[in-house]
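Peer 1: prediction below, plus the sequence it came from.
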Amino acid sequence: MANIIQKLYNSGLKWRFILLEWVIILLVAYGYSAKTLLDFNPRQLQQTGEQNNNAIGPLLVEIGVTRYGQIPLWNPFMQTGYPYIGDLLGHFWSPLATIPAMIWGGINGMKVAVFIAFILAGLGQWYLGQVLGLRGIFRLWSSLTFMLSGGLALLWRLGWFELLVGAVWFPWAFASFWSALHLKNRSSLVYCAISVVMILFAGGGYYPFYLLGSSSILLLVAYLTSKRDMRKHMLPRAIVIALLVVGLAAVMLLPIYNNYRLTVRLAGPDAAQTGSQPILYALMNYLIAVPEWLNANILGTANGWNWFYLGPLSIVALIFLVPAFRHRRYRPALLAMVSLTTFLLLWMANRYPPVKYIYNWIDFLYNLRFPQRLLIIASSSLLVVCGLSIQLIYYDIRKRSKQYSISLKSQNNEFSPILSMNGIVTFAFFLSLLFSVNDTYRVNKGVAFGAHSLDLVSFEALSWLKKYDPSLYYTDLGGGLYFWSWDPAAYELEMPIINDNDQVERLASTYQQSSDDSPFIATPKYQFLQSDQPPGPGAQLVNDIEGYQLWYYPDALPFAFIVSNDAIIAGVKMDHSKAIPEQVSYDGPNRVNVVAESDSKSDQLVVLVSNFPGWKLLIDGKPAILTPVNYYLGAKPLPGKHTYTFIFDSPLYHLGLLITLYSIYIASLVVLSEFLPLRMALLTLFKKRNSTNQN
């Protein structure tokens, strides 16, 4: 009995230390980022990069879910509409990105999501260290350093929201995959699949390729370093994880099919692989803390995208790697993390042999741009390698110093020990790790967080226009010099911006809409320009707001109109005066309502929203046939006055959602099945107790 009590006490003591480490991670994250990210002012957002433009996703959540109760399948405010549900950069299905936006709104929700992301980065790295054998202060050092790493700081500085909320899940994925390969329980497969899906749902673009390569390396190392009876289970378990990932992510993956075949990639292959560096140069990125390095353009770096500071200890610790391999117990973990780090660094150095030859063999790989981002992922495995190396050299030194202590003479000329060498060694290592974390904290905090204030003029100008003309129309912000900082105001006011072209892909139909044979095209009704920018032909000045001139274009087509079929002739530009404007409004991101009146069977209703598979039509609430015109939404109007409701409701989305829900059901059963024996044992015990009481 005393034995059991002692074990429980030791277990409780262990959990107390673990909880202490988690609390430290939370407190450091709070001190690091709370001042900037938890101000809860919807008019404040950092302006050091593309924060405004990447606030589109959280703002769509606020508009769709909070205001209209709709999942935003369509983005009606970008160009003439874009299928958001199939956007490679969309992150609606990431709970880390979406739930905060639902609770605190788009801007504040975005900041809260980033704050939580930093915490998840620290906890995920802690979990990875725990799985691979890091303990105590070494595990805490690894987790804090990754959370405070320059790569994650860079992502927020540049405003790459979806990349940040995806990158923090990589340590979770590495740890859970390694665990799932070495365990025989079923729940570990589910936990691993969830970690991977969290990365996919963040919309990180190239992240699926990083995951595929990294998991292949981990699987290979796990196979080579395991016993024969364990090896036979690894590949089947990896396949099950992959199937679970596909099933859980189907709601996102299936709609991407339509986007792939009906969109045009704006950015072509990067034959130069800008940002690729030799490995030795790349490792210098982890050491350089000079502010000018952020915008340096030397040693193969990409201008403005080179900040990955981890501190000197992250590289110096590698000198202990060779002696660390003497510890047989830690060899598989060390080999796995060394192999993964080397693989990611080689991939980053793809402009040079040997990876260069693979790229020349598989041309598709040149579409994967910004290879320096691999340094962010590689920092996770590198820190585990360094942490294990420091930990194991600490064990060696501590073992050798057990017999030594520092003593002083007492008054009676006798020597008495006052400090053991073990204590001195431990204190020295603790100070080294503490100074390293403090250095990383101080350096990267200045890079990650800067001035934060939205463009208040944009809210003033667009609010004035909204009151001046509350109808639905397209607005142009800046012509060829798009005003990116105006995005939050435009979305908050639900104003479609026709020249918002900052996308990886664009609908192929938009090029066909503007071809020479096109009879008409959507154009802006209003345009904001700086005072030194000339307006287009026929523009009329409406107002001047804080140096921004508002121009009106009387020849712009109405957002929705009825026109005779005779006026729509390919190759002949339609006379705008023949377009009869109709009452039109958005009812959430996925619905366009038009109230139109017609007295001729030869008329055509046109709504200047891009057509795409998934749009359907209701006339007075009854299903009707959609008749697109020039790749815009359209309908054959009925005689008299009727309500035409265009709804974007992709069948592939519903199929994907069904598969995802069914996969969640299966995953839940798998996890619960492991707890059923415990539940049955508790029920049996409860029944016996009842029968005893009755007797």
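Peer 2: Here it is on my side, so go on. Numbering: from 1, shown residues only.
Peer 1: which pLDDT does the model give D487?
Peer 2: In this model, D487 is scored at 95, pLDDT.
Peer 1: ok, I625 - contacts?
Peer 2: I625 makes contact with 617, 635-636, according to Cβ atoms under 8 Å, 6 or more residues apart in numbering. Glycine gets a C-beta too; all of them are placed from N, C-alpha and C.
Peer 1: most neighbours among those residues, which one?
Peer 2: A635 (25 neighbours; other Cβ atoms under 10 Å).
Peer 1: that one pairs with what?
Peer 2: On the basis of DSSP bridges, A635 is bridged to L605.
Peer 1: from what I see, it and T645 are in contact.
Peer 2: No - counting by Cβ atoms under 8 Å, A635 stays clear of T645, with 10.0 Å between them.
Peer 1: which neighbours do the two share?
Peer 2: Both A635 and T645 are contacted by 617, 619, under the criterion Cβ under 8 Å, 6+ apart.
Peer 1: can you check the pLDDT for the residue nearest to the spatial centre of the chain?
Peer 2: The C-alpha lying nearest the average C-alpha coordinate of the chain belongs to E162 (Cα atoms, centre = their mean; 2.7 Å). For E162, the model assigns a pLDDT of 94.
Peer 1: how much space between it and Y357?
Peer 2: 32 Å (Cβ to Cβ, to the nearest Å).
Peer 1: got JSON lines for the contacts of I625, with pLDDT and distance to G205 too?
Peer 2: Below are those laid out as JSON lines (pLDDT from 0 to 100; distance: Cβ to Cβ, whole Å):
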{"residue": "L617", "pLDDT": "97", "distance to G205": "34"}
{"residue": "A635", "pLDDT": "95", "distance to G205": "37"}
{"residue": "K636", "pLDDT": "94", "distance to G205": "41"}
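Peer 1: tell me which of these is nearest to L294?
Peer 2: L617 (51.3 Å; Cβ to Cβ).
Peer 1: got the phi and psi for that closest one?
Peer 2: Note on L617: backbone dihedrals following degrees, to the nearest 10 are phi -130, psi 140.
Peer 1: just give the nearest non-adjacent residue to Y395, would you?
Peer 2: H327 (7.6 Å; Cβ to Cβ, 6 or more residues apart in numbering).
Peer 1: if you count contacts, what does the helix or strand harbouring N258 end up packed against?
Peer 2: In the assignment (DSSP states H and E), N258 maps to helix 250-262. Secondary-structure packing of helix 250-262 (3 or more Cβ pairs under 8 Å, 6 or more residues apart in numbering; DSSP states H and E): helix 187-201, helix 651-673.
Peer 1: now render those helices as JSON lines, adding mean neighbour count, distance to F17 and mean pLDDT.
Peer 2: Formatted as JSON lines, those follow (neighbours: other Cβ atoms under 10 Å; distance: least, Cβ to Cβ, whole Å; pLDDT from 0 to 100):
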{"stretch": "helix 187-201", "mean neighbour count": "23", "distance to F17": "23", "mean pLDDT": "96"}
{"stretch": "helix 651-673", "mean neighbour count": "16", "distance to F17": "27", "mean pLDDT": "93"}
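Peer 1: and those: which comes nearest N444?
Peer 2: The nearest among the helices and strands packed on helix 250-262, by Cβ to Cβ, is helix 187-201 at 22.4 Å.
Peer 1: run the angle between the next helix-or-strand element following that closest one and helix 250-262 for me.
Peer 2: Where DSSP H and E defines the elements, the next helix or strand beyond helix 187-201 is helix 207-224. Going by axes from the mean of the first three to the mean of the last three Cα atoms, to 10 degrees, helix 207-224 is angled at 120 degrees with respect to helix 250-262.
Peer 1: relative orientation of the helix or strand just after helix 207-224 and helix 651-673 in degrees?
Peer 2: If you walk from helix 207-224 toward the C-terminus, the next helix or strand you reach (DSSP H and E) is helix 228-248. Here the directions of helix 228-248 and helix 651-673 differ by 140 degrees (the same axes, to 10 degrees).
Peer 1: quick one: helix 228-248 to helix 187-201, angle?
Peer 2: Using the same axes, to 10 degrees: helix 228-248 against helix 187-201 is 40 degrees.
Peer 1: show me which residues of helix 228-248 are buried.
Peer 2: Judged by neighbour count using 16 or more other Cβ atoms under 10 Å, the buried positions of helix 228-248 are 234, 237-238, 240-241, 244-248.
Peer 1: now for that helix, which elements pack on it?
Peer 2: By 3+ Cβ pairs under 8 Å, 6+ apart, helix 228-248 packs against helix 170-182, helix 187-201, helix 207-224, helix 651-673.
Peer 1: pretty sure A101 is touching A113, no?
Peer 2: Yes - under the criterion of Cβ under 8 Å, A101 makes contact with A113 at 7.2 Å.
Peer 1: domain assignment for the chain?
Peer 2: 20-262+274-448, 456-506+523-552, 560-649 (automatic domain parsing).
Peer 1: please identify the deepest-packed of the ones you listed.
Peer 2: domain 20-262+274-448 (a mean of 20; mean count of other Cβ atoms under 10 Å).
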